[in-house]
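Colleague: Predicted structure and sequence below. I'll ask about it afterward.
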4 protein chains.
Amino acid sequence: MNILSLQQQLQRLHNNRIFELAVVAIIIFSALVIGVKTYDISPKFLTLMHWLDLGVTLFFLLEISIRFIAEDRKRDFFKSGWNIFDTLIVIFSLMPVQDSEIAFVGRLIRIFRVLRMVSIIPELRILLNSLLKALPQLGYVLLLMFIIFYIYAAIGSSFFHGINDQLWGDILVALLTLFRVMTFEDWTDVMYETMAVYPFSWLYYLSFIFITAFAFLNMVIGIVVNVMNEEHERAREAEKPTPTVTLEQLQLEIRELKAMLQTNQ
Amino acid sequence: MNILSLQQQLQRLHNNRIFELAVVAIIIFSALVIGVKTYDISPKFLTLMHWLDLGVTLFFLLEISIRFIAEDRKRDFFKSGWNIFDTLIVIFSLMPVQDSEIAFVGRLIRIFRVLRMVSIIPELRILLNSLLKALPQLGYVLLLMFIIFYIYAAIGSSFFHGINDQLWGDILVALLTLFRVMTFEDWTDVMYETMAVYPFSWLYYLSFIFITAFAFLNMVIGIVVNVMNEEHERAREAEKPTPTVTLEQLQLEIRELKAMLQTNQ
Amino acid sequence: MNILSLQQQLQRLHNNRIFELAVVAIIIFSALVIGVKTYDISPKFLTLMHWLDLGVTLFFLLEISIRFIAEDRKRDFFKSGWNIFDTLIVIFSLMPVQDSEIAFVGRLIRIFRVLRMVSIIPELRILLNSLLKALPQLGYVLLLMFIIFYIYAAIGSSFFHGINDQLWGDILVALLTLFRVMTFEDWTDVMYETMAVYPFSWLYYLSFIFITAFAFLNMVIGIVVNVMNEEHERAREAEKPTPTVTLEQLQLEIRELKAMLQTNQ
Amino acid sequence: MNILSLQQQLQRLHNNRIFELAVVAIIIFSALVIGVKTYDISPKFLTLMHWLDLGVTLFFLLEISIRFIAEDRKRDFFKSGWNIFDTLIVIFSLMPVQDSEIAFVGRLIRIFRVLRMVSIIPELRILLNSLLKALPQLGYVLLLMFIIFYIYAAIGSSFFHGINDQLWGDILVALLTLFRVMTFEDWTDVMYETMAVYPFSWLYYLSFIFITAFAFLNMVIGIVVNVMNEEHERAREAEKPTPTVTLEQLQLEIRELKAMLQTNQ
């Protein structure tokens, strides 16, 4: 019974369904703790929260240690981005937080622990990976849209500077205002304000909305078509029958017949 | 003429087109009664409404009894979710409503009677079933989006707590505020308020909008691709010709020829 | 030269490219007249407008008469919805407008003359026909969405009646408010108002938004898939090669060979 | 070493990867200069900006000269729209700007220099070209939507003229208001205002929203289907195998067999 090495025993534990559920439960619990903390709670309860938080951190430390020891090749452990993420979360959680500035970071770290849910549940990991895989496709479209945004922001902050400093004061503020216009958020208020000075400034807004909407539409369609084609490609590959008899084989056999007839003659 | 059993007679009645139309008409009528009740009406008219309502309830009781008796196997009747729904609606409608708190529920039950339209019209039933079938596909995406929402809500209520208690007071309120931001509903007002304290908080909002929009986009595309592939699969199945002659058969016949020639020699 | 009948001459005129362009030009001109009328213009100019308007009406009368006479079978003329539309527009335009109430209708008729653009330009006619063809597909989905709207409106006007009579006063007003919520137009203002009385009313709004958004999404995807499948069907039909030699023919020829060998033996 | 002509040397330089990166870097730098100018900067810094701007202009002049000299056929240089765009940008940048009115244009020219990014990076050039290629597909749909907008604007400015002159004053203003309604931007405020006078004017807004949303939806779906079909067409073309043996060839060989047998008899 004691023949199994520690590593094998930990591997067993790690792959155990109950252990997995316990990890998920602890993550949900730590998420709830974070949620509860946002309410006004009595100092007593806050102390309890503190100890619970420490408990969660120690459990995560234990879990990651088990995963590390259970790993056959220690090097491969840090090849997975999720393992590095989990380790960093635990290390930062363990750091003593007294300084108020670091407390700021400490709180963020505790919140990001909820993301461990994604690293634990395989379906979510696959989903996130597929999301990340679609990102490079968007790269050049986002660059093109940024150039469009930048040009409009430069024009906007050049001409509307004096009208509303809060919306068009400098190029960064103008970029934010244009993003607001793209989401249609009170964009007419922004427009009517500048139309009082430049009556034809509606051309600026309408052309911007048309160009960005059109570019966005094309981007979406482009991605849909890409994803579809990949799927079709896969479907075609899977579909291709491996024919048991080909026309070439039939031709060969007919030629054999001919040869036989010729020798027959 | 009286040879038909009661059950068979009721089955006939139930499948009668006029009876079906009568049921639909009564449901529309009951919907109109609900609509009329929302207007200020004289007490006299209200009493009339009450009696009409009772009439509708009794008609529904009659209709469901007919359906139940007409059913060959009584057990199968409650296997259909729609039959259970219809029965519950009738039972709750029959309950005497005096207590003001139950009156609340009674009113809701009467409103949900409109949903019986879906249980009666087959096309709507098919439509709703196909909607429900698409739900599980969304499951993990919704979980992922909830995790993103939860993390942002935790960050938001931690840092913006003091700025606007009504928007960021606790994590539930912050979740609602973030949903509002996702629908672009006056999201700049929310942002400008926090930017007055944390000038870089626009990063929080823009990253949130980009992440949720991107995740949502991927979800939609994923479902489109899924539905498409299923359709293609079906189309391919239906398309596959059952060839009357195969290459294999031709090969066999050619081989027979060879054999004949060989015996000929 | 004068051998051609009047009908044939009119057919020639009607199919003449220059005549077609003249009709389009007159329609654009009449649209501009309608546009100019919305500005404050001097009475002198208004009189000019009146005469121009009469000129347009007479030209349209002439054009439709030419089309009618040029038609080979007079009965077929009124089989086209567009011809009926054009005729009605001309008839209503010719009616003397003195009564202020009919003047209301007269103005509308003049505006709808712009729609003649669609009846003249074939590409637009095709486009509109394809739009109308997609409508029945939407029928049951719109019915389902209306049922959802109706149920929510009944609940809303029952419970929120006392909170804001202008938004939830009766079921029609509530339906309009829900449409507003679906377009995300200041929906949080509507929600915060009711949340002050019923703290859990956010459930009402969020469930409504999720259900309608989800139903809408499914509808759009359904139409895309439908249109796609139709296109694929057409592509497949067009693609099917008419094979010059079939496997069946080959089989026949091989069997003939066998027969020849057998008689040979 | 000096055997290479100036043209060949410049071609080499132009195709040099480092030179390309330098051009991109200078464009980004000029974009940053434009961005920095929107901030309040000291006059000293402004003079520096002026000299930097001149430097960028001279660099662009140099770069375009190199490209022009490196071109084998001078005529082909101006066949590319991007080369014409680059040349015009440089020419306008070189013009002395003293007059305040031309300064206006000068500023715009400097901003449009950012667009040179698109002319330099091939991926962006391809992306923009594909966007422009999709434009004609939209042509007739945009015309149809403009006709719908025009009719609604004519109705709107006719009837709501007196209610709010700023929104419905004339047909141009009404078109802008309708565009606002289509983006759902505070459209209920516009509606409630007219509903106070014409209680049934919600029909006007709802029908407009349904028609434009429906037309837009159809347009998007139409484009998706078009793009998809083109892709499929291409995929099919690429897929078609060039069969090494056809059924026709087999038939020929079988017929040869038959002929042999017949001569055999």
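Modeller: Arrived safely.
Colleague: thought A:T194 was touching A:I163?
Modeller: Yes. Taking C-beta atoms under 8 Å as the definition, A:T194 is a contact partner of A:I163 at 5.5 Å. Quick note: C-beta positions are derived from backbone N, CA and C, even for glycine.
Colleague: okay, these two: which has more neighbours?
Modeller: A:T194 (21 against 17; other C-beta atoms under 10 Å in any protein chain shown).
Colleague: I'd like to know how far that one sits from A:G156.
Modeller: As defined by C-beta to C-beta, to the nearest Å, A:T194 lies at a distance of 8 Å from A:G156.
Colleague: and if you look at A:Q9?
Modeller: From A:Q9 across to A:G156, the span is 65 Å (C-beta to C-beta).
Colleague: more crowded one of those two?
Modeller: Set A:Q9 next to A:G156 and count neighbours by other C-beta under 10 Å: A:G156 wins out with 28 against 14.
Colleague: Give me the three-state assignment for that one.
Modeller: helix (DSSP: H, G, I helix; E, B strand; the rest coil).
Colleague: And the pLDDT for it?
Modeller: With respect to pLDDT, A:G156 scores 92.
Colleague: Now do it against B:I27, distance only.
Modeller: 56 Å.
Colleague: before we move on, the earlier item: touching both of A:T194 and A:G156, which residues are there?
Modeller: Listed as contacting both A:T194 and A:G156 by C-beta atoms under 8 Å, 6 or more residues apart in numbering or on different chains are A:Y204.
Colleague: what residues does the stretch 101-250 of chain A put near chain C?
Modeller: For the stretch 101-250 of chain A, no residue is in contact with chain C (C-beta under 8 Å from any C-beta of the partner chain).
Colleague: So which residues of the stretch 101-250 of chain A form strands?
Modeller: Here the stretch 101-250 of chain A has no strands by DSSP state E, counting those that start in this stretch.
Colleague: So which residues make contact with stretch A:122-133?
Modeller: A:W82, A:M117, A:V118, A:S119, B:Y140, B:V141, B:L143, B:L144, B:I147, B:F214, B:A215, B:N218.
Colleague: Just want the residue of the stretch 101-250 of chain A that's nearest chain C.
Modeller: Nearest residue of the stretch 101-250 of chain A to chain C: A:L250, at 8.5 Å (C-beta to the nearest C-beta).
Colleague: thinking that residue is in contact with B:L252, fair?
Modeller: No. Using C-beta under 8 Å, A:L250 is not in contact with B:L252, being 10.8 Å away.
Colleague: per-residue confidence at A:L167?
Modeller: On the pLDDT scale, A:L167 is placed at 91.
Colleague: Now do the contacts for the closest residue to it other than its chain neighbours.
Modeller: Of all residues not flanking A:L167 in the chain, A:T177 sits nearest, at 4.6 Å (C-beta to C-beta, 6 or more residues apart in numbering or on different chains). Counting by C-beta under 8 Å, 6+ apart, A:T177 makes contact with A:A153, A:G156, A:L167, A:W168, A:V190.
Colleague: tally of neighbours for the third one?
Modeller: Residue crowding around A:L167 was assessed by other C-beta under 10 Å; the count is 22.
Colleague: what separates it from C:S42, distance-wise?
Modeller: According to C-beta to C-beta, A:L167 stands 40 Å off from C:S42.
Colleague: and if you look at the second one?
Modeller: If you measure A:G156 against C:S42 using C-beta to C-beta, the figure is 39 Å.
Colleague: ok, now the first one?
Modeller: Noted for A:A153: a distance of 44 Å to C:S42, by C-beta to C-beta.
Colleague: more crowded one of the two?
Modeller: A:A153 (27 against 8).
Colleague: hang on, that one packs against A:R180?
Modeller: No. Using C-beta under 8 Å, A:A153 is not in contact with A:R180; the gap is 11.8 Å.
Colleague: show me where pLDDT drops low in the stretch 151-265 of chain A?
Modeller: The model of the stretch 151-265 of chain A has pLDDT under 70 over residues A:223-225, A:227-229, A:231-232, A:235-245, A:264-265.
Colleague: Perfect, that will be all.
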